[in-house]
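# Okay, here's the prediction I keep looking at, along with the sequence it came from:
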Amino acid sequence: MRQDKNIPVIGIVGGVGSGKSTVAEEFERRRCRRIDGDKLGHALLANDDVKREIRSLWGDAVFDETGAVSRRAVAEIVFQDAEQLAALERILHPRIRAEIVKALSEAQATDCPAVVIDAAVLFEAGWDDLCTHVVFVDAPEKDRLQRVGRRLGWDAETLRRREARQIPLDKKAKRCHHSLSNCSSVSHLQEQVDRLLHLITRE
């Protein structure tokens, strides 16, 4: 379902800790409508049908004392086992896609210059077919490791293990229409976003 109306749909991809959300926020500051795939996925964990399917897979061990799904407990399972990750994706990805399609439809009725889909697994989930443009956010591994270490407490092995479950970065980059470099100043990144948005909205 490619969006063929006038408003461009920009997918944001890149390595863990590359600054994808930072780039999406910059587009948002320029009146673009942002769709956050992670937030949609997290919200769906409170859905009764989703909770029932997750319980059928892993039982009560992945629920906390309030009855909510423990994202940490689920992550410990799925990032150790590709089959378990695929099982979770079968539950969440079709539902996330439906929410993205709904948000895209709503955005097409607005005067925003573009819609941005901020989703780490855009290619893996096949949601890139909803985009008119896909942008790769590039950043050195040492910078990415520093960011996830500071924000999430991850070490290099954790970063490597998480990224091993995704398409290799070089292959992702080759599938993108544009790239942005997030390795220097905020002002430099903002300048790149300005130029790219100008280019995309005038095609």
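Now that the structure is in, tell me what you want to look at.

# Give the lowest-confidence helix or strand of this structure, using mean pLDDT as the measure.
Every helix and strand of the chain was ranked by mean pLDDT, DSSP states H and E. The lowest is helix 156-163, at a mean of 82.

# packing partners for that helix?
In terms of contacts (3 or more C-beta pairs under 8 Å, 6 or more residues apart in numbering; DSSP states H and E), helix 156-163 is packed against helix 141-152. In short, each C-beta sits where N, CA and C put it, glycine included.

# returning to what we had before: how far off helix 141-152 does the least confident helix or strand of the chain point, in degrees?
Interaxial angle, helix 156-163 versus helix 141-152 (axes from the mean of the first three to the mean of the last three C-alpha atoms, to 10 degrees): 90 degrees.

# Residue nearest the middle of this protein, spatially speaking?
Ala119 (1.6 Å; C-alpha atoms, centre = their mean).

# quick one on the thing from earlier: which of the residues in the least confident helix or strand of the chain are buried?
Buried residues in helix 156-163, counted by 16 or more other C-beta atoms under 10 Å: Thr158, Leu159, Arg162, Glu163.

# Give me the number of neighbouring residues for the closest residue to the residue nearest to the centre of the chain other than its chain neighbours.
Residue nearest to Ala119 in three dimensions, not counting chain neighbours: Gly37, with 3.0 Å by C-beta to C-beta, 6 or more residues apart in numbering. A total of 24 residues lie near Gly37 under the criterion other C-beta atoms under 10 Å.

# try Ile10
Counted with other C-beta under 10 Å, the neighbours of Ile10 add up to 25.

# In terms of pLDDT, where does it sit?
Looking at Ile10, its pLDDT is 97.

# And for the one 10 residues further on?
The predicted local confidence for Lys20 comes out at a pLDDT of 93.

# Isn't it up against Phe136?
No - Lys20 lies out of contact with Phe136 (C-beta atoms under 8 Å); the separation is 9.5 Å.

# Just confirm Phe136 is within a helix.
No - looking at Phe136 with DSSP: H, G, I helix; E, B strand; the rest coil, it is strand, so not inside a helix.

# What segments of the protein are helices?
Residue ranges of the helices in the chain, as given by DSSP state H, are 20-29, 37-44, 48-58, 71-78, 82-107, 122-125, 141-152, 156-163, 169-175, 186-201.

# Mean pLDDT lowest where, among those?
Across the helices of the chain, helix 156-163 has the smallest mean pLDDT, namely a mean of 82.

# Just the pLDDT at the residue at the greatest distance from the centre of the chain, thanks.
Distance from the C-alpha centroid of the chain, by C-alpha atoms, centre = their mean, peaks at Glu65 (28.7 Å). Model confidence at Glu65, expressed as pLDDT, equals 93.

# Just the pLDDT at Asp4, thanks.
Turning to Asp4, the model gives it a pLDDT of 46.

# And the one 10 residues further on, by the same measure?
The per-residue pLDDT reported for Gly14 equals 92.

# Give me the nearest residue to Ser181, chain neighbours excluded.
Nearest one to Ser181, counting by C-beta to C-beta, 6+ apart, is Asp138 at 5.2 Å.

# for that neighbour, what are its contacts?
Asp138 sits next to Gly14, Ser18, Ala173, Ser179, Leu180, Ser181, Asn182, Cys183 when contact means C-beta atoms under 8 Å, 6 or more residues apart in numbering.
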